[in-house]
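Pasting the sequence and the predicted coordinates here, then a few questions.
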Amino acid sequence: MSKAPTDNVEAYTYYLRGRQFLHRHSKSYYHLARRMFAKAIELDPRYARAYAGIADCDSFLLLHYHVDVPIDRILANTDKALALDNRLAEAHASRGLALSIEKRFEESVTEFEQATALDRNSFEAHYLYAPRGFCSGQFRTGRHDVRARAEISPDDYQSLILLIQTYRSLGRDEEKASAARRGVERAERELILHPEDPRPAYLGIAALIEMGENDRAREVDRASAGYWLRDPLTQYNVACGYTKLGETEQALDLLERMLPNVGEEIRMWIKHDSDFEALHGHPRFQRLLKSIT
């Protein structure tokens with residue numbers, strides 16, 4: 001059994017806020033989440049989950065925004081979490097993510113598998129594991145963990161929308177349509193609660209297109225591009241939307257603009273993302289792929 005997380009209610013509250021902010025996936029939210037986890041540790045220096053949370057923030061800042069975070073610092077925080085509680089699924093998943101950044105993939109998979117073995121219902125373990133399969137093109141592995149995420153957290157719109165791409169790659173049309181419909185419903189609820197957060201808007205574009213609501217998707221695409229354009233994750237997903245709507249030059253403009261500002265994970269997504277199939281024969285996209293490899 002994993003140890004009791006903390007007896008300090010205030011530390012636990014800061015930890016929960018940190019996880020909430022982390023899941024909104026933008027640079028400012030990663031920094032805010034990190035401050036919440038640091039405060040939790042200040043209140044309880046033996047709070048293993050908070051150390052894992054800091055490691056996750058640093059990993060995503062490095063992966064998504066190319067922030068110069070020393071990988072040794074990330075691994076040290078996962079080591080601290082595991083030293084405090086070596087049966088904490090969350091800590092093993094955080095270490096798996098850090099190891100994948102170093103391309104120590106076999107060790108990374110071992111950590112993720114241990115995390116899910118320790119707690120099959122750990123949202124964090126599935127949450128961190130799934131994208132590693134996508135980035136390496138292992139769609140079947142990714143599908144399992146993303147679907148598990150959607151089942152564990154019934155408010156999670158992100159997992160359902162990620163499943164659209166996975167089911168498309170596997171030719172599972174009925175499941176793809178269901179994931180799109182439910183993903184839009186959840187994303188709309190989230191956007192009402194947090195209108196400042198771009199993620200439910202730009203991820204919802206893909207689901208709207210799958211539902212045949214292209215005009216509505218185009219409205220959201222252009223609104224997202226105008227409102228949150230400096231954010232590389234927004235640029236990436238708006239580019240996906242432009243591609244599927246046939247607006248090729250706009251998509252390529254965004255991809256070229258964002259590429260110098262993103263980390264390894266987004267570069268790998270560009271290589272493997274089926275949303276960009278329509279661009280594969282375009283000379284600009286070919287040049288972009290060569291610059292990634």
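Looks like it came in fine.

Is residue 212 in a helix, a strand, or coil?
When states are read from DSSP: H, G, I helix; E, B strand; the rest coil, the local structure at residue 212 comes out as coil.

ok, residue 274 to residue 176 distance?
Using CB to CB, to the nearest Å, we find residue 274 at a distance of 11 Å from residue 176. Every residue, glycine included, has its C-beta placed from N, CA and C.

neighbour-wise, which of the two wins?
Taking residue 274 and residue 176 together and counting by other CB atoms under 10 Å, residue 176 has the greater number of neighbours (20 against 13).

Might one say that the more buried one is in contact with residue 169?
No. Distance between residue 176 and residue 169: 9.6 Å, which falls outside the contact criterion (CB atoms under 8 Å).

Do a quick rundown of the strands in this protein.
Defined through DSSP state E, the strands belonging to the chain form an empty list.

just for it, where's the confidence low?
In the prediction, the chain carries residues with pLDDT under 70 at positions 1-4, 123, 126-127, 129-154, 225-229, 293.

Show me what the longest helix seen in it is packed up against.
Ranked by residue count, the top helix of the chain under DSSP state H comes out as helix 173-193. In terms of contacts (3 or more CB pairs under 8 Å, 6 or more residues apart in numbering; DSSP states H and E), helix 173-193 is packed against helix 157-170, helix 199-210.

would CSV of the ones you listed with distance to residue 248 and mean neighbour count be doable?
Shown next, in CSV, are the helices and strands packed on helix 173-193 (distance: least, CB to CB, whole Å; neighbours: other CB atoms under 10 Å):
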stretch, distance to residue 248, mean neighbour count
helix 157-170, 19, 23
helix 199-210, 15, 25
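
As TSV, those with distance to residue 21 would be great.
Rendered in TSV, the data for the helices and strands packed on helix 173-193 read as follows (distance: least, CB to CB, whole Å):
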stretch	distance to residue 21
helix 157-170	14
helix 199-210	12
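
and of these, who's closest to residue 92?
Set against residue 92 and scored by CB to CB, the helices and strands packed on helix 173-193 come closest in helix 157-170, at 20.1 Å.

Residue 217: what's its closest spatial neighbour, skipping adjacent residues?
The shortest distance from residue 217 to any non-neighbouring residue, by CB to CB, 6 or more residues apart in numbering, is to residue 208 (3.9 Å).

joint contacts of residue 274 and residue 176?
Taking CB atoms under 8 Å, 6 or more residues apart in numbering as the contact rule, the neighbours common to residue 274 and residue 176 are residue 168.

Which residues are in contact with the residue nearest to residue 168 when sequence neighbours are not counted?
When the adjacent residues along the chain are set aside, residue 168 lies closest to residue 176, with 5.5 Å between them (CB to CB, 6+ apart). By CB under 8 Å, 6+ apart, the contact set of residue 176 is 163-164, 167-168, 210.
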